[in-house]
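Please find the sequence and the predicted model below.
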Amino acid sequence: MKKQLTLILLLFISNLQAQILSERDRAEVVDQVLADRFNRLLPELMDRTGLDMWVLISREYNEDPVLRTMLPAKWLNARRRTILVFYRDKKNNTIEQLAVARYNVGKYIDSAWDKEKEPDQWKALVDIIKNRNPEKIGLNYSTHFGIVDGIVKTDYEEFMQVLPEDYKSKITSAEKLAIAWIETRTEQEMEIYKELVQITHDIIAEAFSTEVIKPGTTTTDDVVWWFRQKATDMGLDTWFHPTVDIQRMDEPLESHIVSFSNRPNDKIIKQGDLIHCDFGITYLRLNTDCQQHAYILKNGEMKPPEFLIKAFADGNRVQDILTGNFKTGKTGNQILLASLEQGKSEGFKPSIYTHPLGLYGHSSGPTIGMWDSQGGVPVNGDYPLLENTVYAIELNTTVNIPEWNKDIRIMLEEAGFWGSKGFRYVNKRQTELITIPRR
């Protein structure tokens, strides 16, 4: 336990480069967090979702997305056919973590297959099931939640062919359990998450500075590729290609489709521009997703124009409206529609497209709007908000700027946590425009 705390505390070293752990120390943290999730979180989730056996089946390089999150740090992929079995005996308050595989899967999932005694891997799996006689056997298939639809056709069909008829009626979708596993964050993970968000903010702060941006020379693509290179140089990954865009007085506001999928490349950043980025990192198996704004000061300016300061405050207010409508048990669609109605009643023009965030960037859980589905999202938007979950609070509000004779769009995104004490940002949010240069 002492070493575990020491490794996690290493994440809080003040120097940015020193915050990034060595590969060896990362592996220790990943495995310790995984052990906590298996031993403390998983039994709770299995009880909550009513499954006493969960079977995950994958082959090397074609891994179930859920199974990938369960592999130890030294396993970069599954090996051969890897079958994991989790059996929850609620009466005796025990959980077995077994692998129908040639090897132990790390320190916490024991190999339960002796190929010399039983050459048939499928029969070995069936024997495990028979010996425990579960009431419900969950498999990862789902029509609407892609991350938890991990069992492939071949594995499903081969498994069902060998499973005795008496057990076939016990097979059910593990959708709710798999989503819960993906979306639920532990206390350990939330301590790590604070640092991930701080690292993300620090990288954006460096990108939005005169160290990177020389007005009149630097292009948006220059900054985009700086983001990518910076992450690589620090030993981090990016889970999506960053974007940088410009809004300025003499150019019309682009449509949402252009903003999200067809931004112009290589535009030169100039004084008086309002610039915006979308950037996120992957580190210690968690993901960030952040959008911030900066203003390029003109000669003689000490701060952004008041109309941009006011517009940015409008964006923060729409964030507050959205997160103020969070309530455990409410669906994503209920939160979306209530927030849009309230925002419009306060005179804003909001658009909300917030998504779960965690082990994946666009993760599983309740979808709270999509940019092209502001009336609600079928099925995924009907999933409820549950505690100990993280979201990319992603939205925009359109603001009319008379001084520019046009509308602009304040686009914000920040990691937020929902728990028993309500909503909080994982590590603060942007509340004022960054200026380039700093004043």
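Now that the structure is in, tell me what you want to look at.

The stretch 151-300 of the chain: helices as residue ranges?
Per DSSP state H, counting those that start in this stretch, the stretch 151-300 of the chain carries helices over the ranges 153-162, 165-168, 175-183, 187-207, 220-233, 256-261.

What sits closest to the residue nearest the centre of the chain if chain neighbours are left out?
In the chain, the C-alpha nearest the mean C-alpha coordinate belongs to Leu357, at 2.4 Å (Cα atoms, centre = their mean). Excluding its sequence neighbours, the residue lying closest to Leu357 (Cβ to Cβ, 6 or more residues apart in numbering) is Ala392, at 4.5 Å. For every residue, glycine as well, the C-beta is placed using N, CA and C.

List the buried residues of the helix or strand where that neighbour lies.
Using DSSP states H and E, Ala392 sits in strand 389-401. By neighbour count on 16 or more other Cβ atoms under 10 Å, the buried set for strand 389-401 is 389-399, 401.

Give me the distance between the helix or strand just after it and the centre of its chain.
Later in the chain than strand 389-401, the nearest helix or strand by DSSP H and E is strand 406-419. Remark: strand 406-419 is offset 15 Å from the chain centroid, using Cα atoms, centre = their mean, to the nearest Å.

now swap in stretch 247-259 and tell me
The chain centre lies 28 Å from the centre of stretch 247-259; the measure is Cα atoms, centre = their mean.

before we move on, what about stretch 390-398?
Centre-to-centre, stretch 390-398 and its host chain are 13 Å apart (Cα atoms, centre = their mean).

Same question for stretch 42-54.
Put simply, stretch 42-54 sits 23 Å off its chain's centre (Cα atoms, centre = their mean).

Let me see the contact set for the nearest residue to Ile203 once chain neighbours are set aside.
By the measure of Cβ to Cβ, 6+ apart, the closest residue to Ile203 outside its immediate chain neighbours is Lys230, 5.7 Å from it. With contact taken as Cβ atoms under 8 Å, 6 or more residues apart in numbering, Lys230 is in contact with 203, 206-207.

Now restrict the residues you listed to buried residues only.
Buried, going by 16+ other Cβ under 10 Å: 203, 207, out of the contacts of Lys230.

Serialize the contacts of Lys230 to TSV and add fields for pLDDT and distance to Ile128.
Formatted as TSV, the contacts of Lys230 follow (pLDDT from 0 to 100; distance: Cβ to Cβ, whole Å):
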residue	pLDDT	distance to Ile128
Ile203	97	46
Glu206	98	52
Ala207	98	51
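
ok, of the contacts of Lys230, which one's closest to Lys310?
Nearest to Lys310, judged by Cβ to Cβ, of the contacts of Lys230 is Ala207 at 25.0 Å.

Around the residue lying closest to Trp371 once chain neighbours are set aside, how many other residues sit close by?
Counting by Cβ to Cβ, 6+ apart, Trp371 lies nearest to Tyr353, which is 4.5 Å off, once chain neighbours are set aside. Number of residues near Tyr353 (other Cβ atoms under 10 Å) recorded here: 21.

who does Ile171 bridge with?
Ile137 (DSSP bridges).

ok, now Arg81?
As for beta bridges, Arg81 partners with Arg59 under DSSP bridges.

Return the distance of it relative to Trp113.
Counting by Cβ to Cβ, to the nearest Å, the gap from Arg81 to Trp113 is 10 Å.
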